[in-house]
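> Need a 3D model of the sequence below.
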Amino acid sequence: MASLQSWLSANQIIGNPKKFSLEERIFNTFCSIAVVAFFIEIFFNYYIGLKYVAMVCAFGTVFAASLYYLSRVKRNAKLATRSLGIAANFTFLFNYFLNSGIAGPNLLLFCLVLLITIVVVPKNELAFWITLNLVTVFGVLAFEYLRPDVIKSAYLDELSRVIDFGVTYGVAALLICLSISFIRNNYDRERQVVNEKNAEIEAQSFRILQQNKELEKLNSEKAKLFSIVAHDIRSPLSSILGYLEVLAETELSELENEQIKQKLLQATKDTSEMLSNVLAWSKSQMDGARVEIVGVDVAKELERGLSLERNIASRKHIALTLELIDGVTIAADLNMFQIVMRNLVNNAIKFTPDGGKVTVSMERNHENCFIKVRDNGTGIPEHEQESLFKLRALSTFGTNNEKGVGLGLLLCKEFTELQDGKIWFEANKNRPGSTFVVSFNLYGISKGSEI
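This is a model prediction of the structure:
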């Protein structure tokens, strides 16, 4: 039963739209309707006494079924449509003489044949079939005008004639309505498919444009990175080489020797920091950073992880103060968290003058922990604040000429966001310096929940 219902579905009878063209489906529809219409006409014409017409309808039933088989099953729609055009014209020509000529509903049938022909035949054959239909119609009309005695009335009485006209009109009207409705529905369906495809193409084009923008951005950043490597790393390495040559080849006083050692140490540290950031950033860009979210005790890790920064601050006579809250655990990747915090604290120390102050403090709410790195250093000009977290092939210098290019902040932003955190800059109100804030989710607490 299920298979019968499936076969009786529209797609099974006239053909699946994905496999059959619109013209093929229209032709299959006409053939299906014609089989039913001719079959009904057999009994009707026989009942009203038009036995020869009933025989023509019987032939039409078989012929329409054959055309349907040829088009739907054998998939030879071209041969089927041509056969229909020839047979329909000659069948209705024959019916014209059997069924009372112009006094019968034959011209209506010829109009129906013309409609079917226009709908189903290929466009390059339209002129031929329309001409054939017109020549046939005007030919039989001229013949009947010249030889009216040849065509006799086939009706038993006026009632049978009226009924024949009514039924023929009903079948023709049904076929016309169904065909136009079918064409409109399929037109709407085809238009919807086209609109959907256009929407998909537009979406795909948008994705491609976005990908192109991302590629352009990556290429630009790589170009900037190469510029940094070529210039800002080569320069301090040359300085280190120069200091080493002076130490090896020149007799220096103890004071001069100490000064060069300090400069050599600073240049080495700057280069090491820059290399660490370059390697970390390039690894995250090329291989994709792997994030392992665990519970990180903020106070504990900051106390342990900022020991090197304490020494740097001490040599620069900067007070590095940690205002921490014990027992606060965030959801973070430990290595990334340490890289982010070391970079922020290093930046704060770099741009804070001797005798200044850098403070690392904590705040928390129901869902997040906020870590603030505040300094009273030179601050950041307003025109540079918008590009803080972008790669810039532009060197910056700290208060003791410590060199940097802003790669550390870009690394902080990317690593913070990979941990589902946020980072932003705040200008200190009514006092020098600046504040960077990173926000992390508390460990074990889903977004939007409360404790």
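> pretty sure Ile42 contacts Val56?
No - using CB atoms under 8 Å, Ile42 makes no contact with Val56, being 9.2 Å away. Just so you know, the C-beta spots here come from the backbone N, C-alpha and C atoms, and that holds for glycine as well.
> Who has more neighbours out of these two?
Val56 (21 against 18; other CB atoms under 10 Å).
> The more buried one and Thr91, how far apart?
6 Å (CB to CB, to the nearest Å).
> Repeat that for Ser153.
In terms of CB to CB, Ser153 sits 20 Å off from Thr91.
> With neighbour numbers in mind, choose between the two.
Counting neighbours by other CB under 10 Å for Ser153 and for Thr91 shows that Thr91 has the greater number, 18 against 11.
> in which helix or strand would I find the more buried one?
Assigned by DSSP states H and E, Thr91 belongs to helix 77-98.
> Check what contacts stretch 93-109 and list those residues.
Stretch 93-109 is contacted from outside by 50, 52-53, 56, 92, 136-137, 140-141, 144, 150-155, 161, 164-165, 168-169, 172, using CB atoms under 8 Å, 6 or more residues apart in numbering.
> Name the residues of that stretch that are buried.
93, 95-101, 104-106, 108-109 (16 or more other CB atoms under 10 Å).
> Kindly report the same for stretch 308-316.
309, 312-313, 316.
> now stretch 357-370
Buried residues in stretch 357-370 (16+ other CB under 10 Å): 357-362, 364, 368-369.
> Just give me the closest of these to Arg72.
Asn368 (66.4 Å; CB to CB).
> circling back to that earlier point, please flag which of the buried residues of stretch 308-316 sit within helices.
Of these, the ones assigned to helices by DSSP state H are 309, 312-313.
> which of those lies closest to Gly433?
Ala313 (14.4 Å).
> which outside residues touch the host helix or strand of Ala64?
Under the criterion of DSSP H and E, Ala64 resides in helix 51-68. The list of residues contacting helix 51-68 from outside it, by CB under 8 Å, 6+ apart, reads 27-28, 31-32, 34-35, 38-39, 41-43, 45-46, 80, 83-84, 87, 91, 94-95, 98-99, 154.
> Just the mean pLDDT for that helix, thanks.
Across helix 51-68, the average pLDDT comes to 82.
> Pull out the buried positions in that helix.
53-54, 56-58, 60-61, 63-65, 67-68.
> what do you get for stretch 127-143?
So stretch 127-143, judged by 16+ other CB under 10 Å, has buried residues 129, 132-133, 136-137, 140.
> Correct me if wrong: Phe440 contacts Gly421.
Yes - the pair formed by Phe440 and Gly421 meets the contact definition of CB under 8 Å, at 4.5 Å.
> Which neighbouring elements make contact with the longest helix anywhere in the chain?
Across the chain, the longest stretch assigned as helix under DSSP H is helix 158-228. Helix 158-228 sits against helix 22-47, helix 106-120, helix 254-283, with contacts defined as 3 or more CB pairs under 8 Å, 6 or more residues apart in numbering; DSSP states H and E.
> Residue ranges in the stretch 151-300 of the chain under the pLDDT threshold?
By pLDDT under 70, the weakly predicted segments of the stretch 151-300 of the chain are 182, 218, 220-239, 266-267, 270-271, 273-289.
> follow-up on the earlier one: could you take the buried residues of stretch 93-109 and lay them out as CSV, with extra columns for distance to Glu249?
Shown next, in CSV, are those (distance: CB to CB, whole Å):
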residue, distance to Glu249
Leu93, 117
Asn95, 120
Tyr96, 121
Phe97, 125
Leu98, 125
Asn99, 124
Ser100, 127
Gly101, 126
Gly104, 124
Pro105, 120
Asn106, 120
Leu108, 116
Leu109, 115
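> what residues go with each domain of this structure?
Each domain of the chain is listed here as a residue range: 2-156, 291-451, per automatic domain parsing.
> Need those domains in a markdown table (columns: distance to Leu252).
Output for the domains of the chain, formatted as a markdown table (distance: least, CB to CB, whole Å):
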| stretch | distance to Leu252 |
| --- | --- |
| domain 2-156 | 87 |
| domain 291-451 | 21 |
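> among the ones you listed, where is the model least confident on average?
It's domain 2-156: among the domains of the chain, that one has the lowest mean pLDDT, namely a mean of 78.
> Let's have the helices and strands packed on helix 158-228 in JSON lines, adding distance to Lys213.
Listed next are the helices and strands packed on helix 158-228 as JSON lines, based on distance: least, CB to CB, whole Å:
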{"stretch": "helix 22-47", "distance to Lys213": "40"}
{"stretch": "helix 106-120", "distance to Lys213": "49"}
{"stretch": "helix 254-283", "distance to Lys213": "20"}
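> Any idea which of the ones you listed gets closest to Arg189?
helix 22-47 (9.1 Å).
> for the closest one, which positions count as buried?
23-35, 37-39, 41-42, 44-45.
> And stretch 152-163, by the same measure?
Neighbour count says stretch 152-163 has 154-155, 160-161 buried, by 16+ other CB under 10 Å.
> One more: stretch 409-428?
409-416, 418-419, 421, 423.
> got the residues you listed as JSON lines, with distance to Asn335 and secondary structure columns?
Output for those, formatted as JSON lines (distance: CB to CB, whole Å; DSSP: H, G, I helix; E, B strand; the rest coil):
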{"residue": "Leu409", "distance to Asn335": "18", "secondary structure": "helix"}
{"residue": "Leu410", "distance to Asn335": "17", "secondary structure": "helix"}
{"residue": "Leu411", "distance to Asn335": "12", "secondary structure": "helix"}
{"residue": "Cys412", "distance to Asn335": "13", "secondary structure": "helix"}
{"residue": "Lys413", "distance to Asn335": "16", "secondary structure": "helix"}
{"residue": "Glu414", "distance to Asn335": "14", "secondary structure": "helix"}
{"residue": "Phe415", "distance to Asn335": "9", "secondary structure": "helix"}
{"residue": "Thr416", "distance to Asn335": "13", "secondary structure": "helix"}
{"residue": "Leu418", "distance to Asn335": "11", "secondary structure": "helix"}
{"residue": "Gln419", "distance to Asn335": "11", "secondary structure": "coil"}
{"residue": "Gly421", "distance to Asn335": "14", "secondary structure": "coil"}
{"residue": "Ile423", "distance to Asn335": "17", "secondary structure": "strand"}
